[in-house]
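# Quick check, what structure comes out for this input:
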Amino acid sequence: MNKIIIEARVNELAGREENPNVPFTPEEIIRDSKECYDAGASVFHFHGRTPTGEPEHDPAFYLETIAGIREQSPILINPTLGYVAHGGDAKERFEAVEQMMQNPATEPHFAPMDVGSVNVDWWDPENNTYTSTDLVYENSTETLLYFADRTKHHGLKQYLVSWNISFTRQIEAFMKMGVITEPAIVLLCMTDGTSLSGHPGTPEGLDAHTTFIPKDRNLLWTAMNYKGNLLLLTEKVIKEGGHISIGLGDYPYLELGGTPRNADVIAKVVEQARSLGRDVATVEETREILGMKAA
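Model prediction:
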């Protein structure tokens, strides 16, 4: 079976209430990147955060952090465009990437693109009510075309994200238009707990995603579970030839004992993949699988 790509998703919008090892500062994120690389991750995804955990959109944060990551290891860097926390227009949302590309020391390897829009209000499962009612993660087709154009301009790899089937259908349309280049990779977003925005993190939720991946396109998939335990699905993902995107940014993983670090979660996936007969892709092998230029 093909080798598995493992992506570390290290901080997202996660707090430290359950697991204090969620990295916030550039120094913490840089340290985590090396630990995750040593544990077997070939892709590294992070969000800008202030020292107290609020979203940080200042391009300077990303420039400092990426430069430090690149000094530590060759891991492939997948930043964010800010998610729902960044409400600017397309140009503003992409500005951090524009600045990253001005210096080889701060260049990422991917530019993310959530190919659709979705309500992302927070659900309180204990009281059966929403704690917010106005959060929309908006990605218009016009905005996505702008992101795709700038991503191609800079020679970055497109990192696609699908929250539900409608996103995947738009991905297929973009492929037919030539907006998305192949081989492509799509992150299948499942959500649980306080987030109801994606497919549920169940075998059926994953099947609903994979059923609609166009079979006549060179489209690889990786799976995540925001606010849910992806380890309940990793055996299925591994056996079905998918890839895995996992970390404390999505879930605290206290089931591993104590308060694990991101590298501990990555090591668990590596161990499981190898026990099921799939080798783990190195950085260079990941580049080859995704049709990226060599380092």
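# Just the buried positions in stretch 40-50, please.
For stretch 40-50, a neighbour-count test (16 or more other C-beta atoms under 10 Å) marks 40-49 as buried. Where C-beta positions appear, they are placed from N, C-alpha and C, glycine not excepted.
# Out of those, flag the one nearest to residue 273.
When the buried residues of stretch 40-50 are compared for distance to residue 273, the smallest value, 8.5 Å, is given by residue 40; criterion: C-beta to C-beta.
# Can you point out the helix or strand that includes the closest residue to the closest one other than its chain neighbours?
Distances taken as C-beta to C-beta, 6 or more residues apart in numbering place residue 270 nearest to residue 40, at 3.9 Å, with adjacent residues excluded. The secondary structure element spanning residue 270 is helix 262-275 (assigned by DSSP states H and E).
# after that helix comes which helix or strand?
helix 283-289.
# Show me what that following helix is packed up against.
When contacts are defined as 3 or more C-beta pairs under 8 Å, 6 or more residues apart in numbering; DSSP states H and E, helix 283-289 packs onto strand 76-78.
# Tell me the secondary structure at the spatially closest residue to residue 151 that is not a sequence neighbour.
Setting aside the residues directly before and after it, residue 151 is nearest to residue 111 in space (C-beta to C-beta, 6+ apart), at 4.2 Å. Here residue 111 takes the strand state, with states given by DSSP: H, G, I helix; E, B strand; the rest coil.
# wait, doesn't residue 111 sit right on residue 159?
Yes: counting by C-beta atoms under 8 Å, residue 159 is a contact partner of residue 111 at 6.6 Å.
# Of the buried residues of stretch 40-50, which belong to strands?
43-45 (DSSP state E).
# Closest to residue 90 out of those?
Residue 90 lies nearest to residue 45 out of these, by C-beta to C-beta, at 20.6 Å.
# so the closest one makes contact with residue 75?
No: under the criterion of C-beta under 8 Å, residue 45 makes no contact with residue 75, lying 10.4 Å away.
# What segments of the stretch 151-295 of the chain are helices?
Along the stretch 151-295 of the chain, the stretches classed as helices by DSSP state H, counting those that start in this stretch are 165-177, 203-211, 234-239, 262-275, 283-289.
# Count residues in the vicinity of the residue nearest to residue 151, would you?
23 (other C-beta atoms under 10 Å).
# Any idea what it is bridged to?
The bridge-partner assignment for residue 111, based on DSSP bridges, gives residue 158.
# Next up, the contacts around it.
79, 81, 94, 97, 147, 150-151, 154, 156-159 (C-beta atoms under 8 Å, 6 or more residues apart in numbering).
# Please verify my assumption that residue 236 contacts residue 203.
Yes: in this structure, residue 236 is within contact of residue 203 by C-beta under 8 Å, at 5.9 Å.
# the more surrounded of these two?
Counting neighbours by other C-beta under 10 Å for residue 236 and for residue 203 shows that residue 236 has the greater number, 15 against 11.
# Distance of residue 99 relative to residue 214?
34 Å (C-beta to C-beta, to the nearest Å).
# so, if you compare the buried residues of stretch 40-50, which one comes nearest to residue 12?
Using C-beta to C-beta as the measure, the one of the buried residues of stretch 40-50 that approaches residue 12 most closely is residue 47, at 5.7 Å.
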